[in-house]
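Trainee: build me a structure from this.
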Amino acid sequence: MTGTGTADGSGAVTATPAHGTRLGAAGGTAGSPDGVGIGLGASLTPVDAAAKAEGAFAYAADLWAEGLLWAAILRSPHPHARIVSIDTAQAAAMPGVRAVVTHEDVPGDAAHGRRVADRPAFARDLVRYHGEPIAAVAADHPDTARLAAAAIAVEYEPLEPLTDPEQSFTAEPLHPDGNLIRHIPLRYGDPDVTGEVVVEGLYRIGRQDPAPIGAEAALAVPCPDGGVEIYTASTDPHTDRDLAAACFGLPPEQVKLVVTGVPGALGDREDTGMQVPLGLLAMRTGCPVKIAATREESFLAHAHRHPTLLRYRHHADRSGKLLKVEAQILLDAGAYADTSSDALAAAVSFAAGPYVVPHAVVDGWAVRTNNPPSGHVRGEGAMQVCTAYEGQMDKLAAELGLEPADIRMRNVLATGDLLPTGQTVTCPAPVAELLHAVREAPLPPLPKDSPEADWLLPGGPEGAGEPGAVRRGVGYALGMVHMLGTEGADEVSTATVKVNGPVATVLCAAVETGQGFSTLARQIVQETLGIEEVHVASVDTDQPPAGAGARGRHTWVSGGAVERAAKMVRTQLLQPLAAKFGMSTELLTIADGKITSYDGVLSTTVAETLEGKELWATAQCRPHPTEPLDETGQGDAFVGLAFAAVRAVVDVDIELGSIRVVEMSVAQDVGRVLNPRQLHARIEAGVTQGVGAALSEHLRVAKGVVRRPDLTGYALPTSLDAPDIRIVKLIEERDVVAPFGAKAASAVPVVVSPAAVAGAVRAATGRPVVRLPIRPQAAVGAPPQ
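Mentor: This is a model prediction of the structure:
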């Protein structure tokens, strides 16, 4: 397919930020950064790091093409309403308006969805959430497009919104598929067992937004063959391409999705609900059409973390050993299914946490409401249950007169133990060692009672109360996440490695979302082939699929494909030399840019051997299969697991309810450290996101309407809110089934950190903390020490 946008002569659309930098995607070229070496285990610097730090990196919002039109989407102001009529005549007649599209203009499938095709491209008869697309406009100026969208006359008949997920079971169906998306009844062991000590709890987890630094943006360019090219910061380009093509009524081959610079992704980016209207407008007008969402539109459109209600009952004996866990888990999916089934599977499977539990009775439901849409956000399902089961462990410790760390140590999971799903933990599970590491780490000093230390107190120098009202608390939490997809998902990725003289190029549709894949791919090729200069090509759907960038899958599956392709090229490189000297390629090694034989007879450089040669190979990586959970929640649903322990230290002003996180100590099961600097950055970012979920991040919704959808109303943690983060231990016990032995690193600190902060606030105040984010009123009124 050939685009019609302006380019360098090749037909490629460009981006022109103020610095004049051409749009870069996940690719790049770099040799060895100063002083850090190359290959696996080195802290290789991302090739785009300097450009991003200097503001010169071009993102999706910088896209440009000749003859560009601008799009705007009209969204519903109601969370639930019947659409009586839509009149686009006034908007279409406005000067500068080139096209208006509604549900009547969707030539293919009227609905789309990642797991279930239940979400309409445009609302037809009913509106099911605040912000649902109604129509879209293309015009010659962005302001004209917005004014025209506002001029579309829609007559609504407002309906009572269903906002309480507990009422979804008995309420009128919001969707032809009903309100229940999935129910998982997990039964493990003897359901009638009762412990000597029983504690109960009710927990609520709020609606965290991924809040990427850059809001959604995209450009659609019509093609001469009747197809369309879409340029956007997708994290799963082939899935997004297929969903859009189905709505366009086109074969996937006529829709090309090109991944542009991704400005942060903590979940699925670039909702298909924006790509479909954009493509329709481009094909209708015959012109490139661009959209750049405002922050308000971003909050309304993309998926959020599932708000969750959790009821728990833990049974234990007098020594503190767990006997049974009972739980009811209710996920609010919003109006459409999206990835709620996956999140529910993780929540139910990990409902007991990284502990040995002989018996379990867990029921989980994902239901539809008229609340904002929920979907994939880092640590989905696992984060919500971690806060609840760790709250239960603190309750058990208090009931039995044990230290919180002691009761955890008596129940920790280890390799060879069974999950409540019946799956054996075959991967390394050094949970006891992780807990021991954070427990033994030195505690931070107490702040001094002096004006110079006011900034160390909760609220800072202008917000702190009396220093005597400040209490310090220490909390512990353990948690786990799964890696890759679940329940039979086909986790395959394809990569090609090409070598032309001293330069290697990697082609793989794994999107660089900030997780470090493009740097890892360079390191793999450097390690395998001894080539210093490695390029990683930009991503588009002309390449074979690599899947979504989530749950460590690109480190495992895409990294594994790159390694296999590089090893195939290595064989091609070494075979002539091996044949010449009468030995197998296994007796030759590549290190420091040199090829040597085991006996020292052969010694030459990689550069000399590659001179004038072009080599390439393509390979796939597919991990061992998993299976769906059965009717009792049993099954080997996960490829691998990763674990972490976190100790949180907080100071709480018990008069004002203000909380300062002083320090977060982290011990993590990482399998193998592939890039120390990037690994530390990922862990620190995950902890900070977890602190935000614990203390401030909550998208407020009243009767289904999002309140203050901006970065003033939604309180992200800033650098001033970020605590000291100490990585006290990284356990490198390699997972033998994973390429390189490495594990996912980003999600597990997000999962565990909120529970640790909640435990620390409980310890400081003596009050139950059962809701995230923690409200100030939950931290006031503690008895003086």
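
Trainee: and the helices in the stretch 101-250 of the chain?
Mentor: Remark: helices assigned in the stretch 101-250 of the chain by DSSP state H, counting those that start in this stretch are 142-151, 237-248.

Trainee: hey, C-alpha coordinates of the last one in CSV?
Mentor: When you say that, I think you mean helix 237-248. Only the C-alpha atoms of helix 237-248 are listed here, as CSV (Å, rounded to 0.1, in the frame of the first residue of the first chain):
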residue,chain,number,x,y,z
PRO,A,237,-1.0,-2.9,16.1
HIS,A,238,-2.3,-6.0,14.4
THR,A,239,-5.3,-6.4,16.7
ASP,A,240,-6.1,-2.7,16.3
ARG,A,241,-5.7,-3.1,12.5
ASP,A,242,-8.0,-6.1,12.4
LEU,A,243,-10.7,-4.5,14.5
ALA,A,244,-10.7,-1.3,12.4
ALA,A,245,-10.7,-3.3,9.1
ALA,A,246,-13.8,-5.2,10.2
CYS,A,247,-15.6,-1.9,10.9
PHE,A,248,-14.5,-0.5,7.5
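
Trainee: mind giving me the packing neighbours of that helix?
Mentor: Under the contact definition 3 or more Cβ pairs under 8 Å, 6 or more residues apart in numbering; DSSP states H and E, helix 237-248 sits against strand 111-112, strand 228-232, strand 255-259, helix 272-285. (Glycine included, C-beta is placed from N, CA and C.)

Trainee: and it with strand 228-232, angle?
Mentor: Comparing the axes of helix 237-248 and strand 228-232 via axes from the mean of the first three to the mean of the last three Cα atoms, to 10 degrees yields an angle of 140 degrees.

Trainee: may I have the helix or strand encompassing residue 323 as PDB, with CA atoms only?
Mentor: Using DSSP states H and E, residue 323 sits in strand 322-332. Output of strand 322-332 as PDB, limited to C-alpha atoms (Å, rounded to 0.1, in the frame of the first residue of the first chain):
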ATOM      1  CA  LEU A 322      -3.800 -20.400  56.700                       C
ATOM      2  CA  LEU A 323      -6.500 -23.000  56.300                       C
ATOM      3  CA  LYS A 324      -9.000 -21.500  53.900                       C
ATOM      4  CA  VAL A 325      -9.700 -18.300  52.000                       C
ATOM      5  CA  GLU A 326     -13.200 -17.300  51.000                       C
ATOM      6  CA  ALA A 327     -13.600 -14.400  48.700                       C
ATOM      7  CA  GLN A 328     -16.200 -12.600  46.500                       C
ATOM      8  CA  ILE A 329     -14.700 -10.300  43.900                       C
ATOM      9  CA  LEU A 330     -16.800  -8.000  41.800                       C
ATOM     10  CA  LEU A 331     -15.300  -6.100  38.900                       C
ATOM     11  CA  ASP A 332     -17.000  -3.100  37.400                       C
END
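
Trainee: check the offset of that strand from the chain's centre.
Mentor: 24 Å (Cα atoms, centre = their mean, to the nearest Å).

Trainee: go on, stretch 406-420?
Mentor: The answer for stretch 406-420 is 27 Å, by Cα atoms, centre = their mean.

Trainee: tell me the buried residues in that stretch?
Mentor: Neighbour counts over stretch 406-420 (16 or more other Cβ atoms under 10 Å) mark 407-413, 419-420 as buried.

Trainee: got a list of contacts for it?
Mentor: 186, 188, 319-322, 325, 349-352, 354-357, 360, 362, 393, 396-397, 400, 424-432, 435-436, 476, 478, 480, 633, 643 (Cβ atoms under 8 Å, 6 or more residues apart in numbering).

Trainee: weed out the non-buried ones from these.
Mentor: 186, 188, 320-322, 325, 349-352, 354-357, 360, 362, 393, 396-397, 400, 425, 427-432, 435-436, 476, 478, 480, 633, 643.

Trainee: give me the subset of those residues lying in helices.
Mentor: 349, 393, 396-397, 400, 431-432, 435-436 (DSSP state H).

Trainee: ok, for residue 160, nearest residue in space, not its chain neighbours?
Mentor: Closest residue to residue 160 in three dimensions, ignoring its sequence neighbours and counting by Cβ to Cβ, 6 or more residues apart in numbering: residue 80, at 6.8 Å.

Trainee: ramachandran coordinates for that neighbour?
Mentor: As for residue 80, its main-chain torsions (degrees, to the nearest 10) stand at phi -150, psi 120.

Trainee: so which of the buried residues of stretch 406-420 sit within strands?
Mentor: Per DSSP state E, strands hold no members of those.

Trainee: tell me the one of those nearest residue 69?
Mentor: residue 419 (52.8 Å; Cβ to Cβ).

Trainee: what about this protein, any weak spots by pLDDT?
Mentor: 1-36, 266-271, 447-456, 460-465, 782-785 (pLDDT under 70).

Trainee: for it, longest helix please?
Mentor: Looking across the chain with DSSP H, the single longest helix is helix 559-581.

Trainee: how does this protein divide into domains?
Mentor: In the domain annotation for the chain, the residue ranges read 64-159+217-287, 493-621 (automatic domain parsing).

Trainee: if you skip the residues just before and after it, what's nearest to residue 263?
Mentor: Nearest non-adjacent residue to residue 263, counting by Cβ to Cβ, 6+ apart: residue 214, 2.5 Å away.

Trainee: neighbours of the one you found, how many?
Mentor: When neighbours are counted by other Cβ atoms under 10 Å, residue 214 registers 19.

Trainee: swap in the one 5 residues further on?
Mentor: Residue crowding around residue 219 was assessed by other Cβ under 10 Å; the count is 29.

Trainee: picking that back up, residue 137: which of the ones in helices among the buried ones among the contacts of stretch 406-420 is nearest?
Mentor: In terms of Cβ to Cβ, no member of these lies closer to residue 137 than residue 349, at 44.8 Å.
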